[in-house]
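Asks: Starting from these lines, generate the structure:
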Amino acid sequence: MKFSIGGSLKLAFRPWVEGLENIPAEGPAILASNHLSFSDSFFLPAVLDRKVTFIAKAEYFTSPGVKGKLTAAFFKGVGQLPVDRSGARGAGEAAIKSGIDVIERGELFGIYPEGTRSPDGRLYRGKPGGLARVALATGAPVIPVAMIDTEKIQPPGKVVPKLMRPGIRIGKPLDFSRYHGMDGDRFILRSVTDEVMYEIMKLSGQEYVDIYATAAKRQIADAEKAAAKSEKAEKAEQAEKAAHAESAESTEKAGPAVADTDK
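Replies: All right, here's what the predicted structure looks like:
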């Protein structure tokens with residue numbers, strides 16, 4: 001299924017690629033990418049000869065009905081690995097274990113250090129858990145990857161993608177073997193993650209924001225709620241003014257009629 005889906009994607013969207021020679025022909029490696037669109041996990045594997053395994057929500061594999069079965073078959077076919085994310089800490093540990101298992105099989109493991117899609121196309125602070133811990137526990141090289149323009153093809157909430165060419169830039173492998181076995185040191189985890197994010201930033205050309213994408217999404221949601229509340233209050237005020245004006249106009253028109261009656 002990988003080859004049929006990959007071939008269809010390449011034929012329809014014609015993605016351009018730079019740095020393909022940085023992907024090893026064999027042996028384990030971690031592909032650390034920015035995350036702009038739901039389609040990132042499909043375009044990157046489509047341009048590689050080797051299988052890439054990403055982490056996906058378990059719900060994609062367990063939804064009921066015909067649609068659920070088709071979705072599960074699709075995600076399995078493109079190398080997605082189900083992880084139960086119902087508990088934050090448990091989800092993180094499950095993702096790390098899955099990543100280590102993939103690396104120990106000598107395969108490619110794909111991960112998004114930001115932890116979620118960028119809400120506005122900018123690059124956000126990498127989370128120091130999964131990426132750094134898998135890299136330090138296994139000694140596998142980390143290859144930075146930049147997805148280009150995929151958010152324009154399929155913005156959040158859009159089901160039907162727009163036909164245009166996305167880009168993929170693949171950087172040179174980063175060696176963190178000097179920190180091997182130090183995956184319990186949070187300062188080392190932070191340092192490794194920041195180094196990878198810096199390389200992704202150089203490849204992608206994105207503006208870097210030193211907060212987590214999840215926090216940015218909350219800020220955006222709060223701002224939208226505040227704007228909606230303000231708009232609602234403004235409309236209510238305008239409606240009240242209109243009602244007062246209408247009442248005043250009615251009173252003014254009624255005045256002469258009362259005066260004529262008194263005569």
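Asks: Low-confidence bits of the stretch 1-150 of the chain, can you list those?
Replies: 1-6, 57-63, 66-79, 82, 84-91 (pLDDT under 70).
Asks: Could you pull out the strands in it for me?
Replies: 16-18, 29-33, 52-57, 80-83, 108-111, 123-124, 142-148 (DSSP state E, counting those that start in this stretch).
Asks: Turn these into JSON lines, including mean neighbour count and distance to Ala239.
Replies: In short, each C-beta sits where N, CA and C put it, glycine included. As requested, those are arranged in JSON lines below (neighbours: other CB atoms under 10 Å; distance: least, CB to CB, whole Å):
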{"stretch": "strand 16-18", "mean neighbour count": "15", "distance to Ala239": "53"}
{"stretch": "strand 29-33", "mean neighbour count": "25", "distance to Ala239": "49"}
{"stretch": "strand 52-57", "mean neighbour count": "21", "distance to Ala239": "43"}
{"stretch": "strand 80-83", "mean neighbour count": "20", "distance to Ala239": "50"}
{"stretch": "strand 108-111", "mean neighbour count": "26", "distance to Ala239": "51"}
{"stretch": "strand 123-124", "mean neighbour count": "26", "distance to Ala239": "41"}
{"stretch": "strand 142-148", "mean neighbour count": "25", "distance to Ala239": "47"}
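Asks: for those, which one sits closest to Gly7?
Replies: strand 16-18 (14.9 Å; CB to CB).
Asks: which helix is the longest one in this protein?
Replies: Longest helix of the chain, by residue count under DSSP state H: helix 213-262.
Asks: any low-confidence regions in the stretch 151-263 of the chain?
Replies: In the stretch 151-263 of the chain, residues with pLDDT under 70: 156, 254-263.
Asks: My understanding was that Arg186 contacts Pro128; is that so?
Replies: Yes - using CB atoms under 8 Å, Arg186 makes contact with Pro128 at a distance of 6.8 Å.
Asks: Turn the strands of the stretch 1-150 of the chain into JSON lines, columns for distance to Ala227.
Replies: Compiled in JSON lines, the strands of the stretch 1-150 of the chain are given as follows (distance: least, CB to CB, whole Å):
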{"stretch": "strand 16-18", "distance to Ala227": "38"}
{"stretch": "strand 29-33", "distance to Ala227": "32"}
{"stretch": "strand 52-57", "distance to Ala227": "30"}
{"stretch": "strand 80-83", "distance to Ala227": "35"}
{"stretch": "strand 108-111", "distance to Ala227": "34"}
{"stretch": "strand 123-124", "distance to Ala227": "22"}
{"stretch": "strand 142-148", "distance to Ala227": "30"}
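Asks: Gln154 is nearest to which of those?
Replies: Across the strands of the stretch 1-150 of the chain, closest to Gln154 is strand 142-148 (CB to CB), at 11.5 Å.
Asks: Return the helix or strand that comes right after that closest one as PDB; C-alpha atoms alone will do.
Replies: Using DSSP states H and E, the helix or strand that follows strand 142-148 in sequence is helix 150-153. What follows is helix 150-153, C-alpha atoms only, in PDB (Å, rounded to 0.1, in the frame of the first residue of the first chain):
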ATOM      1  CA  THR A 150       2.100  21.600   3.200                       C
ATOM      2  CA  GLU A 151      -0.100  23.800   5.300                       C
ATOM      3  CA  LYS A 152      -1.300  25.500   2.100                       C
ATOM      4  CA  ILE A 153      -2.200  22.200   0.600                       C
END
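Asks: Noted, bye for now.
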